[in-house]
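Q: Sequence first, predicted model second:
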Amino acid sequence: MSVERLKNFNPAVFASVMGTGAVGLVTYRYSFYWSPLKDLGIALTYLNAALYLILLIPWLLRWVLYRKEALEDLRHPSKGHFYGTIGAATVVLAAQLIMTLHDLTAAWYLWLWGIVLTIIFAFWMSYEVFIAGEVDLRHLSPAWYIPPVALVILPFGSIFMKTTSGYTSQFVIAVNYLGWGAGFFLYLVLYAVVTLRFIRHELMPPQMAPLIWMNLGPIGASITALFALIRNSTIPIPEEPFMVFAFFVWGLGFWWLVMATALTLHYIRNLSLPYSGVWWAFVFPLGAFTNATLDIGSVFGLSLMKHFGFILMWPLLVIWAFILVRIVFERGH
């Protein structure tokens, strides 16, 4: 990697790990429909682990060699939120290790690393926004949801509540509940703020259009994380109210799925939808909602929901494969 590329290394690149991880989890979990999907899910875990390590090296080097530029990005009202992708990507990869490879040891250490990254950037980014003064409406975008997503998916490691004891177990319990609570309710606050931007400001530029789909990320991920928390909790909690609440949240996600589709078609018909790395914003959110749809269908015994999720999986796979082919093609030239 050239010096210039390292200096300008984009913190948003870990969205590719988030997206690939979501696709890997979706394909593995929907393999009861078609068995080859299980092998695909396992293969995507190995691919995602390699991708994570490849991206982690320049990410760390930039903080060592070009700290000034890294801090400038962090303090930017739009770019800064993308730093949350590394914590989220780390936790998603840990979830893949747990589900597809059943490697709890590697997942444990990866999850702890994800906690550190998530907490640092979720709190640091909020602090930078608060001290920055007035933020222009045009800088408000669904990218602001990334730190809440990283927090809300911490319960993807909730299985460790059952595999630890003593103070370690208490720490794990606190982190899981803290992560979901802070992430979900922070998302709701930001949802109101970003929706105001959509109402009072013109549409985002066409190159940023895929960010519209990011609402599905915290919605879908919060449902899957909440069910994981319920299944693995070692402290007494009433399960049914939280399950019903998750179903209500899914309803908000379905509404946004329709809106995101309609707005994307509006861009295609009336503006444009140019390809760029921002297209990763299609992948993780749709993958998270597809996973959540399976969770709702399984918990409430609704086979129609499972079928709907299986249908959603195919455009998810197509978009992910298209982005991957474009990356390979561009690297080849």
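A: Received the coordinates, thanks. Residues are numbered from 1 along each chain as shown.

Q: pLDDT at the nearest residue to residue 286 once chain neighbours are set aside, what is it?
A: Spatially, and ignoring its direct neighbours in sequence, residue 286 is nearest to residue 316 (5.0 Å; C-beta to C-beta, 6 or more residues apart in numbering). Quick note: C-beta positions are derived from backbone N, CA and C, even for glycine. Listed pLDDT for residue 316 reads 98.

Q: contacting residues for residue 316?
A: Listed by C-beta atoms under 8 Å, 6 or more residues apart in numbering, the contact partners of residue 316 are 22-23, 26, 283, 286-287, 290.

Q: show me where the stretch 201-333 of the chain has helices.
A: For the stretch 201-333 of the chain, applying DSSP state H, counting those that start in this stretch gives helices covering 216-232, 239-270, 280-299, 303-332.

Q: Including distance to residue 2, could those helices go into CSV?
A: Below are the helices of the stretch 201-333 of the chain laid out as CSV (distance: least, C-beta to C-beta, whole Å):
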stretch, distance to residue 2
helix 216-232, 32
helix 239-270, 33
helix 280-299, 23
helix 303-332, 14
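
Q: Which one of these lies nearest to residue 69?
A: Nearest of those to residue 69, taken as C-beta to C-beta: helix 280-299 at 21.8 Å.

Q: The closest one packs against which elements?
A: Helices and strands touching helix 280-299, as assessed by 3 or more C-beta pairs under 8 Å, 6 or more residues apart in numbering; DSSP states H and E, comprise helix 15-29, helix 216-232, helix 239-270, helix 303-332.

Q: Quick check: phi and psi at residue 66.
A: Per-residue torsions, residue 66: phi -130, psi 60 (degrees, to the nearest 10).

Q: Nearest approach to residue 154 belongs to which of the helices of the stretch 201-333 of the chain?
A: Per C-beta to C-beta, nearest to residue 154 of the helices of the stretch 201-333 of the chain: helix 216-232, 7.3 Å.

Q: C-alpha coordinates for that closest one, CSV please?
A: Provided in CSV are the C-alpha atoms of helix 216-232 (Å, rounded to 0.1, in the frame of the first residue of the first chain):
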residue,chain,number,x,y,z
LEU,A,216,-32.5,-1.5,8.8
GLY,A,217,-29.1,-2.1,10.5
PRO,A,218,-29.9,-1.1,14.1
ILE,A,219,-33.5,-2.3,13.8
GLY,A,220,-32.6,-5.8,12.6
ALA,A,221,-29.5,-6.2,14.7
SER,A,222,-31.3,-5.1,17.9
ILE,A,223,-33.9,-7.8,17.4
THR,A,224,-31.3,-10.6,16.9
ALA,A,225,-29.3,-9.2,19.8
LEU,A,226,-32.3,-9.0,22.1
PHE,A,227,-33.3,-12.6,21.3
ALA,A,228,-29.7,-13.7,22.0
LEU,A,229,-29.8,-11.9,25.3
ILE,A,230,-33.0,-13.5,26.3
ARG,A,231,-31.8,-17.0,25.3
ASN,A,232,-28.5,-16.7,27.2
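
Q: Mean confidence (pLDDT) on that helix, please.
A: In this model, helix 216-232 has a mean pLDDT of 97.

Q: How about stretch 108-127?
A: 95.
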